[in-house]
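Trainee: give me a model of this one.
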Amino acid sequence: MITIDDIAKEVAKRTGEDIETVTLICKHPFKQTVEIMKDVNNYNDVLFNGLFKFKLKKRFNEDKTKQYR
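Mentor: You can find the predicted model right below:
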């Protein structure tokens, strides 16, 4: 299975950029998604343009403070 670190290494090798910089850029959309999903006041879905959408489960759509079981 290909990981995001494998992709970052390949991009760094092809572009000649620093591996830490490329890794940070590759992981940014996912870190941003985590922040958005954890925001108690934000109930919007997160769309990765042309890829996929992260949606809240229906039971959390109205109240993010509920505990997950």
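Trainee: low-confidence ranges in this structure?
Mentor: Per-residue confidence of the chain (counting by pLDDT under 70) places the weak regions at 49-69.
Trainee: for residue 47, grab phi and psi.
Mentor: Recorded main-chain torsions at residue 47 are phi -110, psi 120, according to degrees, to the nearest 10.
Trainee: next one: it from residue 24, what distance?
Mentor: When CB to CB, to the nearest Å is the yardstick, residue 47 and residue 24 sit 22 Å from each other. From N, CA and C alone the C-beta is placed, and that goes for glycine too.
Trainee: which strands and helices sit next to the lengthiest helix in the chain?
Mentor: The helix spanning the most residues in the chain, taking DSSP state H as the definition, is helix 19-38. When contacts are defined as 3 or more CB pairs under 8 Å, 6 or more residues apart in numbering; DSSP states H and E, helix 19-38 packs onto helix 4-15, strand 46-48.
Trainee: export these to TSV and tack on mean neighbour count?
Mentor: Putting those into TSV (neighbours: other CB atoms under 10 Å) gives the following:
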stretch	mean neighbour count
helix 4-15	13
strand 46-48	13
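Trainee: who wins for proximity to residue 38 among the ones you listed?
Mentor: Proximity to residue 38 (CB to CB) singles out strand 46-48 among the helices and strands packed on helix 19-38, at 11.5 Å.
Trainee: what pairs with that closest one, parallel or antiparallel?
Mentor: Strands adjacent to strand 46-48 in the sheet, as given by DSSP bridges, are strand 52-54 (antiparallel).
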